[in-house]
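Engineer: attaching a predicted model along with its sequence, questions to come.
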Amino acid sequence: MSPAPHPEHGPEDLCSTGTSLYEQALRQGRIQAQDVQNAPCLVDFGLLHPAVDDLGRLEPVAPVVALRRLLRATEERIAEERRRAERLAETFEPLLRTTGPHPAADTPGLRVLSGIRRINLAITESMADASRELLCIQPNRRYGNEREQTAYAVAMARDQALLDRGGRIRTIYQQTQRHTPLVLARYEQLRGDAEARSLDEVTSRLILVDRRTAFIPANSDGSLALEVRHPALISYFVTVFDRFWRLASPMYPLAVHPPSVDGVTPRQRAIAALLVEGHTDTVIADRLGMNVRTAREHIAKLAATLGSGSRAQLGYLIGQSGILDPEP
């Protein structure tokens, strides 16, 4: 079984494995090269180097020397960026004096963001100026890989900063997220005015910052996003959020489980509504954020409750049962 890939990081975020092995090398004065295979960052960052008399052995560079070298490299990069900025200014200075019609770089109030890193940076920058509230709609998602968990940690830090400034957070999750460990842990860790509710069906991801900036997906895999500042669109998003919020079930700080009606649970009523619209099991599962097997189990229970012997009969019985009638 091959070892897990080494996470990408800079010297300022030295991994725990690298830190431990570097400390060991400093104490012993040397370490075998094979012992640091899981921490190639030590050699990449110049913290270890091969011994002259034995290439299979690595010797540590004194921390003060390594720090001085890394700081010098950082200073050189900063100086190079400044020189690049000067060259850009020199290049564009005569162009700025050119007259004539020029199309706008972005549609007013809209900006396309490309790449997860750029999207997260834009959200963080917007959150840094926020003082009132953060409104979010979070569809079904999993925090399985390291990049998603890192993004989660960044989001926690900026959310807590808003709460510390006296702001509030309102989040609507898809029903299937109610018992996700990271979602539950989020509200155990946040300190301040944070509240969550859940719905069977939600829209795609939506983030509203201080009712002045919104972020929405611009493609299916989330690698593109729209940053929206147009007042009319912001007002529309706020209205959508408020209506969903009123329909959603409290989840935090007080979780409320709506009672079943005639033996039919709220989840089964949501499935029933999609069944009578003629959707397939796959579409129903996707809309409600569950796997197809779970959706079929709910459909089977619903059919048993209503006494249905076929799919066609189930649709008829749902209509006759009144379970989809609005509550008085």
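Structural biologist: Cool, got the structure.

Engineer: could I get the phi/psi values of V228?
Structural biologist: When read as degrees, to the nearest 10, the backbone of V228 gives phi -110, psi 130.

Engineer: A130 versus that one, what's the distance?
Structural biologist: 15 Å (Cβ to Cβ, to the nearest Å). From N, CA and C alone the C-beta is placed, and that goes for glycine too.

Engineer: so for the two, which residue has more residues nearby?
Structural biologist: Remark: of V228 and A130, V228 carries more neighbours, 21 against 18, as counted by other Cβ atoms under 10 Å.

Engineer: I figured the more buried one hits V112, correct?
Structural biologist: No: V228 lies out of contact with V112 (Cβ atoms under 8 Å); the separation is 10.7 Å.

Engineer: can you map out the helices along the stretch 101-250 of the chain?
Structural biologist: For the stretch 101-250 of the chain, the helices defined by DSSP state H, counting those that start in this stretch occupy 116-128, 146-164, 181-189, 231-247.

Engineer: in the helix or strand hosting A25, which residues are buried?
Structural biologist: Using DSSP states H and E, A25 falls within helix 16-28. Within helix 16-28, the residues scored as buried using 16 or more other Cβ atoms under 10 Å are G18, L21, Y22, A25.

Engineer: ok, which of the helices of the stretch 101-250 of the chain comes nearest E59?
Structural biologist: Nearest of these to E59, taken as Cβ to Cβ: helix 146-164 at 30.7 Å.

Engineer: tell me the mean pLDDT for that closest one?
Structural biologist: Helix 146-164 comes out with an average pLDDT of 78.

Engineer: please apply the same query to stretch 171-183.
Structural biologist: For stretch 171-183, the mean per-residue pLDDT is 78.

Engineer: heads up, I number from 645, so please use that
Structural biologist: Will do, 645 is the new start, and the previous item becomes stretch 815-827.

Engineer: distance from it to the middle of the chain?
Structural biologist: 13 Å (Cα atoms, centre = their mean, to the nearest Å).

Engineer: other residues contacting it?
Structural biologist: 779-787, 793, 796, 838-846, 885, 888-889, 892-893, 895, 899, 911, 914, 932-934 (Cβ atoms under 8 Å, 6 or more residues apart in numbering).

Engineer: just the buried ones from those residues?
Structural biologist: Looks like the contacts of stretch 815-827 have 779-783, 785, 787, 796, 838, 840-844, 846, 885, 888-889, 892, 895, 911, 914, 932-934 buried, using 16+ other Cβ under 10 Å.

Engineer: which of the residues you listed fall in strands?
Structural biologist: Those of these mapping onto strands are L779, C780, I781, Q782, A838, A840, R841, S842, L843, M895, per DSSP state E.
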